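In: Below is the structure, and that's it, no one-letter string:
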């Protein structure tokens, strides 16, 4: 395993979680999608804070992920 492969596994797990949310909401309850996404984010971020060696390390990881996400959206990925 290397850094890129680990990232790919995390991305794939996230896509599976989003697919599951899509199945649950299935176009019927779209006004609840933000709450579903919030639940997903809170769960992932809680694990980051629980597993990180410090709160600062967790903050840094989350800030990096946010920047990469913003960059990906700007680039149309």
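Out: Noted; the coordinates are in hand. Because the structure is a prediction, the values reported are computed rather than measured. Residues are numbered from 1 along each chain as shown.

In: After the lengthiest helix in the chain, which helix or strand is next?
Out: Ranked by number of residues, the top helix in the chain under DSSP state H is helix 3-25. The helix or strand immediately downstream of helix 3-25 is helix 33-51, counting by DSSP states H and E.

In: Now do the helix or strand just after that following helix: which elements does it pack against?
Out: Later in the chain than helix 33-51, the nearest helix or strand by DSSP H and E is helix 55-74. Judged by 3 or more C-beta pairs under 8 Å, 6 or more residues apart in numbering; DSSP states H and E, helix 55-74 is in contact with helix 33-51. (Glycine included, C-beta is placed from N, CA and C.)

In: ok, and what's touching the helix it packs on?
Out: Helix 33-51 has contacts (C-beta atoms under 8 Å, 6 or more residues apart in numbering) with 14, 17, 18, 21, 24, 25, 55, 58, 61, 62.

In: These: which two are farthest apart?
Out: Put simply, by C-beta to C-beta the two of the contacts of helix 33-51 set farthest apart are 25 and 55, 32.7 Å from each other.

In: Between these two, tell me which one has more neighbours.
Out: More neighbours surround residue 25 than the other of residue 25 and residue 55, with 14 against 9 (other C-beta atoms under 10 Å).

In: For the more buried one, give its distance to residue 69.
Out: Distance, residue 25 to residue 69, using C-beta to C-beta, to the nearest Å: 21 Å.

In: which one in the chain is furthest away from the centre?
Out: What lies farthest from the middle of the chain is residue 28; by C-alpha atoms, centre = their mean that is 23.1 Å.

In: okay, now residue 59: neighbour count?
Out: Residue 59 has 13 nearby residues by other C-beta under 10 Å.

In: again with residue 62
Out: Neighbours of residue 62 using other C-beta under 10 Å come to 16.

In: Now do the contacts for it.
Out: Per C-beta under 8 Å, 6+ apart, neighbours of residue 62: 45, 48.
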